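Trainee: I'll drop the sequence and a predicted model, then ask my questions.
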Amino acid sequence: MIVAGCDVGSLTAKAVILKNGERFSEAVIRAKPRPSDSASEVMRLALADAGLTFDNLDYMVGTGYGREQIPFVHAVESEISCHAKGAWHLAPSVRMVVDIGGQDAKATKIDENGSVARFIYNDKCASGTGRFLEVMAEALEVPLDQMGSIGAQAAEKLSISNQCVIFAESEVISLVNDGKEIPDIINALHHAMARRVASLARSIEVTPEVVMTGGVAKNQGVFDALSEALGLPLRSLDGTDPQIIGALGAALYAMEKAEALHAAV
């Protein structure tokens, strides 16, 4: 049985293909203006990598911000459910998922059966989201994917007090003009973002073990800062790309639905 999950977010699109329950192929691309185009392109890449075509797929589930505009899926699921399912599949001891996406941040509590018990999200303010880091990377003229390694070189502890992206950007520019080192500023940005997300998670009570999903989880600086802000070590996903967890969860839903259909025949 071959199934797929497609996660179309605001900044990236991801796809995961499962064959007989095992990860067979995956792909991640920068999102295009139209969610339908993002979905088609990321699925094309995942299928090509697996040597498959759409005709080989038994069931497809879409998720993410653009899930309602994916033309080829059989069903859709919320990204909260998909991130929870994907994370719990990899680590059944997980009881909370912190997902920092391009334009929102979410904290989800999971029960012992892997079901969503409670969740909270912030989509009203860009601080605490991937967009926050994008804006700051542009202001500092550093590559977004290198912020983690650059921040790791920090020698002086600085603080970013403004939570608003616009005011925080002005604060960053002031620090640059004051001669502060770029690694120190980036490290301060990571901690400012982590404090914001940790506050969100604590509002529904943090229960170990906690994992971080989404593209921002690739930034080791934010990962470490969030561990510090929560006061506990975040659990590793054992080498799995944290950015594909939503698509993995969607693919797992697709597998369940395909099996149910097969059993009903």
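Mentor: Sure, I can see it. Numbering: from 1, shown residues only.
Trainee: Nearest the geometric middle of the chain, what residue?
Mentor: The central residue of the chain, meaning the one whose C-alpha is nearest the mean C-alpha position (C-alpha atoms, centre = their mean), is residue 214 at 1.2 Å.
Trainee: correct me, but that one touches residue 100?
Mentor: Yes - distance between residue 214 and residue 100: 4.7 Å, which falls inside the contact criterion (C-beta atoms under 8 Å). Using the backbone N, CA and C atoms, a C-beta is placed for each residue, glycine as well.
Trainee: can you tell me how far the nearest residue to residue 49 once chain neighbours are set aside sits from residue 137?
Mentor: Beyond its immediate neighbours in the sequence, the residue positioned closest to residue 49 (C-beta to C-beta, 6 or more residues apart in numbering) is residue 25, lying 4.5 Å away. As for residue 25, its distance to residue 137 is 30 Å (criterion: C-beta to C-beta, to the nearest Å).
Trainee: Where do the helices of this protein begin and end?
Mentor: 35-50, 79-90, 130-140, 147-151, 165-177, 182-202, 220-230, 245-264 (DSSP state H).
Trainee: Now for residue 102: which residues touch it?
Mentor: Residue 102 is in contact with 9-12, 31, 129-131, 134, 215, counting by C-beta atoms under 8 Å, 6 or more residues apart in numbering.
Trainee: nearest residue to it other than its sequence neighbours?
Mentor: Taking C-beta to C-beta, 6+ apart as the measure, residue 102 lies nearest to residue 11, with 3.3 Å between them; neighbours along the chain are not counted.
Trainee: That neighbour touches residue 132, doesn't it?
Mentor: No - with contact taken as C-beta under 8 Å, residue 11 and residue 132 are classed as non-touching, separated by 11.9 Å.
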